[in-house]
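J.: no sequence for this one, just the structure:
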């Protein structure tokens with residue numbers, strides 16, 4: 001015997017409610033397989049649910065779209081930071097700069113290696129240290145590092161940092177939208193269950209196959225268990241003279 005399968009995604013919930021709503025608009029009350037009070041619940045709830053779904057999807061789309069810019073800026077600033085440090089280290093190896101210069105950029109613990117840039121926090125800290133250290137050196141009248149200059153590093157650092165902050169804000173917006181949408185699900189499930197129970201009760205005196213056919217018009221979903229599905233295939237093949 002096939003069993004009902006209640007929707008378990010927001011899209012499926014919305015489709016189930018919308019199908020029942022359209023039935024409620026299409027049929028007069030005396031022909032409708034569920035009550036007018038349930039229809040009123042659908043009419044009150046559905047617009048709010050749809051609006052929340054649209055808001056959540058929009059927030060996710062904006063975050064995903066802007067994340068492409070964030071990734072581009074992150075790759076670029078990592079390259080400039082890495083190149084700046086490599087230039088400093090090569091100048092030290094050639095004897096053009098003292099080893100103590102690494103202290104200006106808070107790089108002493110890394111020696112001649114480029115520090116890891118595995119996370120946004122790593123990039124923020126290292127970029128800030130380079131900019132502050134090089135700015136302080138230049139104010140003392142010391143020769144600036146070139147190719148790249150700290151000005152170029154700063155340009156890409158600021159672009160990255162702005163995009164990073166934007167992503168953090170968008171993540172919070174998306175998180176709030178997801179929580180708001182999640183708060184609607186219990187009510188959606190409750191209304192759908194009421195609809196399906198009332199519809200099945202209206203068709204309870206019909207033969208099982210006809211009952212399920214009628215109920216399906218209201219959005220009810222019936223599925224066969226694996227064993228039942230296999231039996232159904234065999235019966236169908238036998239009726240068609242196959243096998």
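T.: Arrived safely, thanks for sending. Given the structure is predicted, the values throughout are model-derived calculations rather than measurements.
J.: Just the helices from this structure, written as ranges.
T.: Here the chain has its helices, by DSSP state H, at 10-26, 36-93, 101-104, 120-139, 150-202, 208-216, 226-239.
J.: now the fifth one: mean pLDDT?
T.: This points to helix 150-202. Helix 150-202 shows a mean pLDDT of 97.
J.: Also compute the angle for it relative to helix 10-26, please.
T.: Using axes from the mean of the first three to the mean of the last three CA atoms, to 10 degrees, one finds that helix 150-202 and helix 10-26 are set 50 degrees apart in direction.
J.: So residue 151 versus residue 84, what's the distance?
T.: Residue 151 sits 11 Å away from residue 84, going by CB to CB, to the nearest Å. From N, CA and C alone the C-beta is placed, and that goes for glycine too.
J.: show me what contacts the nearest residue to residue 174 once chain neighbours are set aside?
T.: Leaving aside its sequence neighbours, residue 174 sits nearest to residue 59 (CB to CB, 6 or more residues apart in numbering; 4.4 Å). By CB atoms under 8 Å, 6 or more residues apart in numbering, the residues touching residue 59 are 170, 173-174, 177.
J.: Which pLDDT value belongs to residue 59?
T.: Predicted confidence (pLDDT) at residue 59: the value is 96.
J.: any idea how far it lies from residue 146?
T.: Distance from residue 59 to residue 146, by CB to CB: 43 Å.
J.: Show the low-confidence segments of this protein, by residue range.
T.: Within the chain, the segments meeting pLDDT under 70 span 1, 227-243.
J.: neighbour count winner among residue 151 and residue 84?
T.: A side-by-side neighbour count of residue 151 and residue 84, using other CB atoms under 10 Å, places residue 84 first with 25 against 11.
J.: you'd agree the more buried one is up against residue 131?
T.: No. Residue 84 is beyond contact range of residue 131, at 9.9 Å (criterion: CB atoms under 8 Å).
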